[in-house]
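>>> Sequence and predicted structure are below.
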Amino acid sequence: AQTVTQSQPEMSVQEAETVTLSCTYDTSESNYYLFWYKQPPSRQMILVIRQEAYKQQNATENRFSVNFQKAAKSFSLKISDSQLGDTAMYFCAKPPLLNDMRFGAGTRLTVKP
Amino acid sequence: DVKVTQSSRYLVKRTGEKVFLECVQDMDHENMFWYRQDPGLGLRLIYFSYDVKMKEKGDIPEGYSVSREKKERFSLILESASTNQTSMYLCASSSYREVTDTQYFGPGTRLTVL
């Protein structure tokens, strides 16, 4: 079974600083997608960023970027200039072959004023 | 924008009751999913469906069943609710037309079984 591992159950960061959330995964595929989802308190899960494995360039969406290390099977999320609204659970996810999704256990990020 | 809705945000049921959780999506997505979310365990897949009347077991199907009679609607059924099914239930949908496998989530139903 494919697994996705997030080793940081909780993290905190000061407003305006940068924080990196870690994720590792297991796969035998050569091409695949990886995702970071965000779940704000009592709100809907939304997609933050996605990365296609065959692309060399790391994905970036405004203040969110990834560090994708294919050989190491590592997919970390960097949040720059952290804002109070970034406080949320963050889930790393990877679909196995059949289009369903496997999620990590999540990292609870708190942005402090 | 894709909209995925779930019939209830909060639900309280008693042990042994039959429970229906409904999910509707409005983007003509082929794929629909039911997850449960528990602290420290992330999201675990219960069942998913690739098409009307099709269903596939996920990682934790025991105690659950599903129904997909129409493309836009995917129901999760707890035949006889038990206290260990107290959890947050999330529905999601996706489409083959999007090559990126992105899933779109509903707001969740927090189910408490007493």
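Here it is on my side, so go on.

>>> Check which residues of stretch B:97-109 are buried.
Neighbour counts using 16 or more other C-beta atoms under 10 Å in any protein chain shown place B:101, B:102, B:103, B:104, B:105, B:106, B:107, B:108, B:109 of stretch B:97-109 among the buried residues. Where C-beta positions appear, they are placed from N, C-alpha and C, glycine not excepted.

>>> Is it correct that the fifth one is in contact with residue A:38?
Right, residue B:105. No - Residue B:105 is beyond contact range of residue A:38, at 10.6 Å (criterion: C-beta atoms under 8 Å).

>>> Which neighbours do the two have in common?
Both residue B:105 and residue A:38 are in contact with A:45, A:46, where contact means C-beta atoms under 8 Å, 6 or more residues apart in numbering or on different chains.

>>> Who does the strand or helix carrying residue B:44 pair with, and is each partner parallel or antiparallel?
Taking DSSP states H and E as the definition, residue B:44 sits inside strand B:42-49. Sheet pairing for strand B:42-49, assigned by DSSP bridges, gives strand B:31-38 (antiparallel), strand B:56-57 (antiparallel).

>>> Contacts only, for the residue positioned nearest the centre of chain B.
Within chain B, one residue has its C-alpha closest to the average C-alpha position: by C-alpha atoms, centre = their mean, that is residue B:34, at 2.7 Å. Neighbouring residues of residue B:34 by C-beta under 8 Å, 6+ apart: B:21, B:23, B:45-48, B:58, B:64, B:66, B:74, B:76, B:89-91.

>>> separation between it and residue B:111?
12 Å (C-beta to C-beta, to the nearest Å).

>>> Any chance you could list residues touching both of those two?
With C-beta under 8 Å, 6+ apart, residue B:34 and residue B:111 have common neighbours B:21, B:89.

>>> Could you give the bridge partners of the spatially closest residue to residue B:38 that is not a sequence neighbour?
Nearest non-adjacent residue to residue B:38, counting by C-beta to C-beta, 6 or more residues apart in numbering or on different chains: residue B:87, 5.5 Å away. For residue B:87, the beta-bridge partners are residue B:111 (DSSP bridges).

>>> Residue B:87 touches residue B:39, doesn't it?
No - judged on C-beta under 8 Å, residue B:87 makes no contact with residue B:39 at a distance of 9.7 Å.

>>> So these two - more neighbours on which side?
Neighbour totals were compared for residue B:87 and residue B:39, and residue B:87 leads with 20 against 12 (other C-beta atoms under 10 Å in any protein chain shown).

>>> so who does that one touch?
Residue B:87 neighbours (C-beta under 8 Å, 6+ apart): B:36, B:37, B:38, B:110, B:111.

>>> same thing but at 7 Å, please
Residues counted as contacts of residue B:87 (C-beta atoms under 7 Å, 6 or more residues apart in numbering or on different chains) are B:36, B:37, B:38, B:111.
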